[in-house]
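Student: Please work out how this folds:
(chains A, B, C, D and E, ligands or ions: 4)
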Amino acid sequence: MFSYILRRLLAAIPIALGVSMVCFALVYLAPGDPIQTLLPPDADAETVDRLKRLYGLDRPLPIQYLSWLARVAVGDFGRSIATGRPVAEEIRRSLGNTVLLASVSVLIAFSIAFVMGTIAGRRAGSWIDRIVTGIAVLGVSLPNYWLGIVLVIIFAVELMALPASGMAGERFDPTSWEHLQFLVLPVFTLSMIPVGIIARTTRSAVSEVMNQEFIVTLRANGLPEWRVLRHALKNALPPVLAVMGLQFGTLMGGSILVETVFAWPGSGYLLSKAILTRDIPVLQGTILVLALIFVATNLIVDLFQSTLDPRIRRG
Amino acid sequence: MTAPLVEVENLSVNFVTRESNVTAVNGVSFTMMPGEVMCMLGESGSGKSVTMRALMRLLPEKRSVITGGIRIAGQDVQAMNDRALRQMRGATVSMIFQEPMTAFDPVVRVGDQIAEVVALHRGVSHKAGRRRALDLFDLVRIPSAERRLDAYPHELSGGLRQRAMIALALSCEPKLLLADEPTTALDATVQIQVLILLRKLQQEMGMSVIFVTHDLGVAAEIADRVAVMYAGRIVETGPVRDLLRTPLHPYTAGLLASTVHDQPRDRDLETIPGAPPDMRRLPPGCSFAPRCPKVGGDCLLTVPPPVSPAPGRVARCLRVPAAQPEFA
Amino acid sequence: MSTAISDTTPPALAELAGPAQRGYWGTVGYRLRYDPVTLFFITILVLVILAAIFSPWLAPNDPYQESIIRRLKPPGYRGHILGTDELGRDMLSRLLYGGRITLTMGILPVLVATLIGGGLGVIAGFAGGFVNALIMRIMDVFYAFPSVLLAVAISGAMGGGAVNGMIALTLVFIPPLCRVAETATTQVRNLDFVDAARATGAPVRLVLWHHVLGNVLGPVLIYASSLISVGIILASGLSFLGLGVKPPEPDWGLMLNALRQAIYVSPLAAAMPGIAILITSVSMNMASDGLRAAMDVRS
Amino acid sequence: MAMTSFAADAADERDRGGPQQPLLTVTDLRKYFPIRGGVLGRTVAHVRAVDGVSFTVRKGETLGIVGESGCGKSTVARLLMRLVDPDAGEQVFDGEAVGEQGGISVAQMRRQVQMVFQDSASSLNPRMPVQNSIAFGPVAFGARRADAVAMARELLTKVGLNPVLFGGRYPHELSGGQKQRINIARALALKPRMIILDEAVSALDKSVEAQVLNLLQALKRELNLTYVFISHDLGVVRWISDRVMVMYLGEVVEIGPADAIYTGPKHPYTRALLASRPALDPDQRREEAPVSGDPPNPVNPPSGCRFHTRCPHAEPVCSARAPSLGDATGFGHLAACHMQDAGSGHTAASVLQ
Amino acid sequence: QPESVLRVAMTAGDIPLTAGIPDQGFEGWRFVGYSLYDALVSWDLSRSDVAADIKPGLATGWHVDPANSRRWIFELRHGVKFHDGSPFTAADVVWNFDRFTKESAPQFNARQFAFARGYLGSFESIEAVDEFTIAITTKQPDSLLPYNMSFLMLVSPRRSAEVGNDADAFARNPSGTGPYRFSRMVPGERLELVKNTEYWDTARIPHHDRLVLLPMPEASTRTAALLSGQVDWIEAPAPDAIPRLRSSRMQIVTNAYPHNWAYQLNFVDGPFRDVRVRRAANYALNRPDFKELLGGVALEAYANLPPSTPYYGHPVRYEFDPARARALLTEAGCLPCKITLAISTSGSGQMQPLPMNELVKSQLEAAGFEVTLDVMDWNALLQVGRDGREKHQNVDGLNISRSLQDPFNGMMRFVWTQQFAPRGSNWGHYRSEEMDALINRALATFEPAPRLALLTQIHEKMSEEAVMLWVVHDLNPRAMSPRVRGFVQAQSWFQDLTPITMAPR
Ligand SMILES: Nc1ncnc2c1ncn2[C@@H]1O[C@H](COP(=O)(O)OP(=O)(O)OP(=O)(O)O)[C@@H](O)[C@H]1O
Ligand SMILES: Nc1ncnc2c1ncn2[C@@H]1O[C@H](COP(=O)(O)OP(=O)(O)OP(=O)(O)O)[C@@H](O)[C@H]1O
Ligand SMILES: [Mg+2]
Ligand SMILES: [Mg+2]
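Tutor: Ligands and ions are numbered 1, 2, ... in the order given. So this is what the prediction gives:
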């Protein structure tokens, strides 16, 4: 088991390196000048050149990459061109907000979707299966940023029941409704897609397991249906977990649109700002960290899976 | 005289799907005494497994239509409610399968799977269930039983897995064991070990066994009585010796003749021509008629009724005389 | 001269022995015929696609013709069946024309990615070993990015625009398609019939073409079809962020973005492009689900 | 027309060495499958699937190979077809080394050696009408499509299937026996001289098995074929084979004429195997299993004689030293057992002599 | 009595820099710069009926050295204290100028340099004459220098020294002389300021206790935030949301200010070389349509500056006249007249670039133009603007909205040869000796009245020459809850928030 973990960790290193290279290349392929963010719109070209030199952006790319990598390796992501603050700090803060949003969304999505998918998977082909599938398809088919706007209008503007955007403040306090209410709409919006995807995965995993022979054995041994289901769910869980992990990773980096709509100061928001302002250090750092989180999430899910399913542990 | 343990009366099973309607079992009747071992022989798809599952009501309820009567240990299986059904399953009747790999939950240790069933039926703790599982492993002669209890199914070899499966099936000392081709997936040297083990356990525990196989040799090794199925019907039953020596039904005879066992090499094997029928579209009359060497026009018209030429022997063939003098 | 070592079954009975000849796709079609839900959504999808293709003939108005006095009028206003948008352009015409752009944005990247990613996956799966490792590790790197992030980052890097947006989406879809193709190929490759074909001594090219591709195509196409709805949503998300199609093209995502400001004045107009995306995407998903079920001949 | 002549020519022009030259000679064939593991995914162990196997197949004979599951039968078959590459060993086909300088190429060899797989279902392309599957080989070797399909239909007749009814069908529309006939027809399509049948009848029902066996025998006679017939069904192997090779854990333990092996097995494993067959007579039921336990894991095969862990006659020498395949009796009946080797030091050696 | 709080939703994507001169455009100056800091010169934002002009700030007065027209003398205010308690003196001003300009100084800051540079075009050197007097020498006579001084925020050298001259650390704990003190900041989310009870201008001590600034770049998000009571004040609501806001009893305030939404033109490469084509384009636009599109919160722009500007004068009024436009094009021999306009999808001061540009395109085309819109993102467009026409000869017009806060930035930089891009803002290289002469004279005229006459002449000439394609002036709409009292919207990019009181709920 330990060697399995170690092997997976080692395998992640080249991926991480590749990811860093892609991040770097991606950002430098971009036309336009990062230095622009620094400047008022009226700044002239001479000022631009001078600043470029001051920020070391005039050196050859490979050198910039290597020095960037060397600094990133020790946790120094540089400073934001736009705000002058250390990128690591910006990422940490916005990541915290996004982790909050993404994990609550995924957990809620998981609890709802797992139940939905299990009910549907047990009775594949029935009308209840059709309904669940319908809801799931709706979840993945809705452009969620649009849903977010609609929800804001209904619940914040018309009913004035919930805040429209933002989050309460510096320290999130999960015990206070003052703070929690800010989560409601973005979480609901964000969980639509995971609900759809997790419900579908659960449904197919459960229905597949329910068709396996060992289910017959369990029934043949007189196990009540809920115990049979417990066995089935233990078997169905690994693929569902995998999808859940992917969804968490996707939400970590993919809530750009929703965070924009809700002015949620998370990593997606940070990223879209960085893209619009060409804030290279922030862009690189954020993309890198998000991709690495994605890799790490998958790794953790793998390890979870292998504890759930002994057949996965090899070597 | 003791009451029969199993009484099956005109059992039929239909699978109804959108595209087709399969009559997998078509009017099967038989009875079994306690302590009897009956082999069900027949080609693939002849309905052996479906019959076994029908006995425990394990067929998908939505898609299958079961008619006819099933009584096990005096209880009407068809009329059982869920609770009664669960109490019967595993305790009165239990089952072992061809592929022990797929018959175990792959993510739970085998010892725990057995313990769960024991704990459920005996109302004891899980720990006590594990102790019972250990005894059972010794019973089925699994070496280093203690260690094997903690193994996952995929960590056991084929033979050990099948023994574990048997241990699971015997965990609550059932009155009837349904064994669906339990040795087909095993190697020759292992198969004989398992067969002998099963026979011994059956005698020790005095249970009845229905043993499904399509291997005549296996039947000869273990059965008291044989029922031969063809296309969803039992075409012949009888004591194992008589049936193997003097088969009544042409299908049984053909099966015996085409089984390769030390026939002369310079001559072709005797065969049954053609292939088993499509269960979706059974021919009217005797299902075996299209392949039968003794076929006549009457065979195609009606399903032959069972005839009993000798005590204990029944065949469904128009060519079998009602009573044969030699056996009378 | 040939010896008759024949099956003595008479022809008439032999025919009884198996189902009617239908062929693989015949069977799939047959199964689809009995799935009204899937048929319904396929019909909608076909209608949407036809509407997009024939939009120049179907659209009642010029989708670019604005008129400030007619802006944001409700459906039915002076022959504008679905009303007008924020510049007084005919909603229906824009939605019809928009279908062209949006569907292209959704479908074309998937197609190209299927060719590239699927091709790479088949090569990786069939070649195995080092080639496989090389291709798949590179894919892993791209796979390590959440798709929205990658799409936004790439089109952000290359600058907006329909073409760049499509390139970004293509790059996003290549890794997953490559994975699916690789898995399917590896599975097929380990089946005996591929070995049987190799055992004839036929060149690899022919084995690949006749025996592997046909069997890999199914799963890859099903997966690709389910990606199309993702593509449509992602593409409109890009437009929404200002990274996709450029105005005044009537892309649904862009319309959503522009009309969002008008949501207080004319909620219906603001909702319409979203509804168009929703309908298309739901139909796409349901059709692909139905197809998947129909193509799974085992069940 | 050439395409219609499937009957054996009086003298096959491909025959090089004459009847005395064995069609196939295999020497010291070896295949270890690596098992990867550890932190770096390096090879940590090997499955010794085939470990030093040597045998010959004479022209026109049938060599049966028996053994328990996992003993390496299929691997031998795949090695012979070069579907997997051997780690060591030499393969000579009709006097020519396969895949070596001055010998014949693998592709050429494959035209003369064909294979039928156990799983009749997975060995046919589910998306291809069966006649196209049969015609694939000839088309790949340049035959015109129409010719190849016509020939495929002729082959269908030959294996007892009506081409009109069956030619255009897809595999899932056929029964197991019919599929296996198609597989045989495909193997015949390149007019091979030798066919390797890997469990070709094992998955079939008894009644169908007999049909296919008869078909195989008839084809062999008619087309002058040579078979390597792999099975774990001892009865079937005996009926079809001229000579039989018994394998255990990747090694040959006994090889010789079929009757000699069945009537006078020399290796304890062969004896156990034969004794494990269920008798067809209820009055001769076995009370005691001939051997106990399962075959050991081929990753860590036992030292010395690999059977010694289950052998009733095992002595210290058996675990110390591996016996060699010796012909104690002459007549080409070879067995790898210390009891057969007078000088081995086994106490029973001389007695059995 | 509970703390009274004013919560403002800004259009900025992030909190403007708090370390001195802010970023995020003039919104940064508006809410952060002039709240935390003062410049030598202030804007008088107390009236809504006249165009805002400068007034004394940290300098109580200024005049040109009678002996040297390149030397300006500024008298500093006595008794001013930074938030950290240190007194404000001439040395602090010099220190701040070094921070902007002197790369070798420890307090030099590249970002501050970048922001200040645009206002120090004529700056040569600074000296402290005595403790409360400084003198600034310019490269050439610059009568408009005091305007530029209004943009340079002065920070506390003591606080800067305390944090080792680290601008980032300073930003997290800034110290200025402004009417608000820094309270706390959640980066990316909110900045909170509290009133400075010791502010030197006692009239401008804030009438509320706390000012909360929230960045919300999405117009619909801002609107929703106001409607749901999350904030009290939003900048630039979406025009289409205004009726909905009104129906919720929100106050909508607008006022003219020196902004225009226009196109800078290419005077060298394309059809706009010809003044007739430029005029034709200006005649082709029906500006009331734009006002309609923008929900009424805009002013038709017939010239560079809105009519309330002192130096507006009597420019040509380019009323909608498509026939005349077509005639002019025919005369110029350019029909259809193919032009390419570079536009962006968003950006500071760009209003609603997409629909507005689409409308421009269709109206120009109705008059005989053939318009290609080259859509790019905001930064790419800025880059095009910075590069100048030479690198973008296929671009005929550039849709960047500029701030026109003072005469130099409002007019001269667009038409002065010294401002040719890439050195300055004259993107299309407009060249006119007459114009150059006017500008030089205005810069050398220190008497307000004659200078005003010259400035008016410049404005009129720009209009006559049709140096831009003018569309509308923004009216700077903002919406606020009925609880916000006492706000006076000045005719400026900047606003004074200090008089605002918050009515109790
Ligand atoms: N769940 C089901 N739905 C539809 N048809 C079924 C189902 N289960 C079995 N059948 C059909 O019923 C028939 C009998 O099947 P059964 O499994 O009883 O055969 P069998 O005699 O056990 O064969 P084998 O020796 O291959 O196990 C077959 O034609 C099979 O296709
Ligand atoms: N590709 C492979 N990679 C790793 N191990 C393999 C591979 N192919 C076969 N083996 C192993 O090699 C051994 C011999 O396998 P092989 O298939 O030749 O046995 P067999 O005698 O044909 O068995 P069976 O009767 O079950 O078909 C087995 O232990 C098997 O697990
Ligand atoms: Mg069965
Ligand atoms: Mg094998």
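
Student: which residues touch the nearest residue to E:S69 once chain neighbours are set aside?
Tutor: Of all residues not flanking E:S69 in the chain, E:P141 sits nearest, at 4.5 Å (Cβ to Cβ, 6 or more residues apart in numbering or on different chains). (Each C-beta comes from the backbone N, C-alpha and C, glycine too.) For E:P141, the contact set (Cβ atoms under 8 Å, 6 or more residues apart in numbering or on different chains) comprises E:69-70, E:443-444, E:446.

Student: again, 10 Å this time
Tutor: Applying Cβ atoms under 10 Å, 6 or more residues apart in numbering or on different chains, we find E:P141 in contact with E:64, E:68-71, E:122, E:440, E:443-446.

Student: E:L191 now?
Tutor: In this structure, E:L191 makes contact with E:8, E:10, E:14-16, E:18, E:31-32, E:35-36, E:182-185, E:211-215, judged by Cβ under 10 Å, 6+ apart.

Student: returning to that earlier point: okay, the contacts of E:P141 in CSV with neighbour count next?
Tutor: Output for those, formatted as CSV (neighbours: other Cβ atoms under 10 Å in any protein chain shown):
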residue, neighbour count
E:V64, 17
E:N68, 13
E:S69, 16
E:R70, 17
E:R71, 17
E:S122, 18
E:N440, 16
E:L443, 23
E:A444, 15
E:T445, 17
E:F446, 17
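
Student: Closest to chain C out of these?
Tutor: Closest approach between these and chain C, by Cβ to the nearest Cβ: E:S122, at 36.6 Å.

Student: Okay, and E:R184 sits in which element?
Tutor: Here E:R184 sits within strand E:180-186, counting by DSSP states H and E.

Student: circling back to that earlier point, show me the contacts of E:L191 that map onto strands.
Tutor: The strands, defined by DSSP state E, take in E:8, E:10, E:182-185, E:211-215 from the contacts of E:L191.

Student: Put the buried members of those into a PyMOL selection.
Tutor: To isolate the buried subset of the ones in strands among the contacts of E:L191 in PyMOL, counting by 16 or more other Cβ atoms under 10 Å in any protein chain shown, use the following:
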select buried, chain E and resi 8+10+182+185+211+212+213+214+215
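
Student: any idea which of the ones in strands among the contacts of E:L191 is closest to A:P224?
Tutor: E:L214 (56.1 Å; Cβ to Cβ).

Student: Tell me how many other residues surround the closest residue to C:R33 other than its chain neighbours.
Tutor: Distances taken as Cβ to Cβ, 6+ apart place C:L39 nearest to C:R33, at 7.5 Å, with adjacent residues excluded. For C:L39, the tally of surrounding residues (other Cβ atoms under 10 Å in any protein chain shown) stands at 14.

Student: C:L39 and C:A287 touch, don't they?
Tutor: Yes. C:L39 lies in contact with C:A287 (Cβ atoms under 10 Å); the separation is 9.0 Å.

Student: Name the residues contacting each of these two.
Tutor: Listed as contacting both C:L39 and C:A287 by Cβ under 10 Å, 6+ apart are C:L32.

Student: What about chain A: which of the contacts of E:L191 touch it?
Tutor: The residues of the contacts of E:L191 that also fall near chain A, by Cβ under 10 Å from any Cβ of the partner chain, are E:14-16, E:18, E:184-185, E:214-215.

Student: Packing partners of the strand holding E:R184?
Tutor: helix E:34-36, helix E:167-172, strand E:190-195, strand E:210-215 (3 or more Cβ pairs under 10 Å, 6 or more residues apart in numbering or on different chains; DSSP states H and E).

Student: Go ahead and measure how far the one helix or strand B:E146 maps to is from the middle of the chain.
Tutor: Using DSSP H and E, B:E146 falls within helix B:145-149. Offset of helix B:145-149 from its chain centre (Cα atoms, centre = their mean, to the nearest Å): 29 Å.

Student: same question, stretch E:72-84
Tutor: With Cα atoms, centre = their mean, you get 25 Å for stretch E:72-84.
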